[in-house]
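Asks: Structure for this input, please:
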Amino acid sequence: MGRADEPQPALGRAIRQLREKRGLTQEALSHEAGITTGTLSLIERGQSNPAWGTVSRITEALGSSMGEVGKLADKLKR
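Replies: Predicted coordinates:
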């Protein structure tokens, strides 16, 4: 089991999958979530471990819930 501060690639894959499913660009989602496109890119590639508030803003901008993103991330890490 990894440390809590390590990047979570499955979380990034879940966010990217939901973003693409909704037809959003990284630019559009990052603008709606109030983060930079570079930050979103790092999260989606599993190279950044976002703060809880950042994940919350991303899921809200996706029209999703933390639960939906968490379930998808859990599924994608298997």
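
Asks: in what helix or strand does the spatially most central residue of the chain lie?
Replies: Nearest residue to the geometric centre of the chain (Cα atoms, centre = their mean): residue 15, 3.6 Å. For residue 15, the host element (DSSP states H and E) is helix 9-21.

Asks: Can you spell out which helices and strands pack onto the helix or strand just after that helix?
Replies: The helix or strand immediately downstream of helix 9-21 is helix 26-33, counting by DSSP H and E. Helix 26-33 sits against helix 37-44, helix 52-61, with contacts defined as 3 or more Cβ pairs under 8 Å, 6 or more residues apart in numbering; DSSP states H and E. Every residue, glycine included, has its C-beta placed from N, CA and C.

Asks: quick revisit: could you verify my assumption that the residue nearest to the centre of the chain touches residue 43?
Replies: Yes: counting by Cβ atoms under 8 Å, residue 43 is a contact partner of residue 15 at 6.3 Å.

Asks: any shared contact partners between those two?
Replies: residue 58 (Cβ atoms under 8 Å, 6 or more residues apart in numbering).

Asks: rewinding a little: tabulate the helices and strands packed on helix 26-33 (TSV), appending distance to residue 67, mean neighbour count and mean pLDDT.
Replies: Listed next are the helices and strands packed on helix 26-33 as TSV, based on distance: least, Cβ to Cβ, whole Å; neighbours: other Cβ atoms under 10 Å; pLDDT from 0 to 100:
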stretch	distance to residue 67	mean neighbour count	mean pLDDT
helix 37-44	18	18	97
helix 52-61	9	17	96
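
Asks: which one of the ones you listed lies closest to residue 71?
Replies: For the helices and strands packed on helix 26-33, proximity to residue 71 was assessed by Cβ to Cβ; helix 52-61 is nearest, at 11.8 Å.

Asks: Show the subsequent helix or strand relative to that closest one.
Replies: helix 66-76.

Asks: where are the low-confidence patches of this structure?
Replies: Applying pLDDT under 70 to the chain flags residues 1-5.

Asks: make it 80
Replies: Filtered on pLDDT under 80, the chain yields the residue ranges 1-7, 78.

Asks: Give me the distance between the spatially closest residue to residue 50 that is not a sequence neighbour and residue 10.
Replies: Leaving aside its sequence neighbours, residue 50 sits nearest to residue 43 (Cβ to Cβ, 6 or more residues apart in numbering; 5.2 Å). Taking Cβ to Cβ, to the nearest Å as the measure, residue 43 falls 12 Å from residue 10.
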